[in-house]
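Q: what's the 3D shape of this:
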Amino acid sequence: MNILVSHCFLGEPCRYDGASRLDRQIIELHRAGHNLIPVCPEVLGGLGVPREPAELQPDGRVLTRAGEDVTAQYRAGAERAVEIAKENGCTVAVLKARSPSCGSGEVYNGAFTGTLTSGWGIAAKLLSEAGLEVMDEEHLQAWLYG
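A: Purely as a prediction, here's the structure:
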C-alpha cells in the first residue's frame with residue numbers, strides 16, 4: 001500500500017522550527033512492506049525552514065505569530081500534496097498531529113497559547129475530501145491493530 005506521510009516523520013528537518021519528528025512506527029510501516037510517500041505541505045507551498053510558527057484561525061486563514069497571512073502558501077502546498085497522493089495511488093495519509101497543515105480532528109486554536117480546538121489542517125482536510133483516509137501518528141496504532 002502507498003501511504004502519504006509527513007516528511008518530518010522520516011527524519012527530514014522540515015518543521016517550522018527546523019527540526020524533524022522521526023517516528024519509529026512510521027518507519028515500521030516501510031519495514032512491513034508499505035511504500036511511504038513523504039510530503040511537507042508547508043514546504044511544498046513555498047515556505048522555508050525554519051519559519052515563523054503559524055496557526056489556523058477560526059475564519060480559516062493561517063497566520064504566523066507575527067500576523068503574516070500565509071494561507072495561500074498553505075493552500076498551494078495542500079493542493080500539491082493531493083496531487084502527489086493521487087499520482088502515487090495513496091489511499092491513506094498519516095500526518096503530524098495538531099499542525100495547521102496536517103492536523104486531523106484537532107488543531108491549535110489560532111491564539112498561540114497552546115490551546116487545542118476541534119478542526120482539520122488545510123492539507124488534511126483537502127486529502128480527506130479527495131478520498132484518502134487521514135489520521136495522525138497518535139491514531140496509527142488503532143488503525144493498524146483496531
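
Q: How about the residue most central in space within the chain: what's its closest non-neighbour residue?
A: In the chain, the centroid-proximal residue (CA atoms, centre = their mean) is Cys102; its distance is 2.4 Å. Using CB to CB, 6 or more residues apart in numbering and skipping residues adjacent in sequence, the residue nearest Cys102 is Leu95, 3.4 Å away. (Glycine included, C-beta is placed from N, CA and C.)

Q: Could you measure from the one you found over to Asn109?
A: Leu95 sits at a distance of 19 Å from Asn109 (criterion: CB to CB, to the nearest Å).

Q: These two: which has the busier surroundings?
A: Leu95 (26 against 17; other CB atoms under 10 Å).

Q: ok, the more buried one touching His7?
A: No - in this structure, Leu95 is not within contact of His7 by CB atoms under 8 Å, at 10.2 Å.

Q: Which residue ranges of the protein form helices?
A: 24-31, 41-44, 71-87, 122-129, 140-145 (DSSP state H).

Q: Tally up the residues packed near Trp143, please.
A: Neighbourhood size, Trp143 [other CB under 10 Å]: 11.

Q: With adjacent residues omitted, what lies nearest to it?
A: Among residues not flanking Trp143 along the chain, Met135 sits closest, at 5.7 Å (CB to CB, 6+ apart).

Q: tell me which residues form a beta bridge with that neighbour?
A: With DSSP bridges as the criterion, the beta-bridge partners of Met135 are Val94.

Q: Contacts only, for it.
A: Counting by CB atoms under 8 Å, 6 or more residues apart in numbering, Met135 makes contact with Val92, Ala93, Val94, Leu95, Ser104, Trp143.
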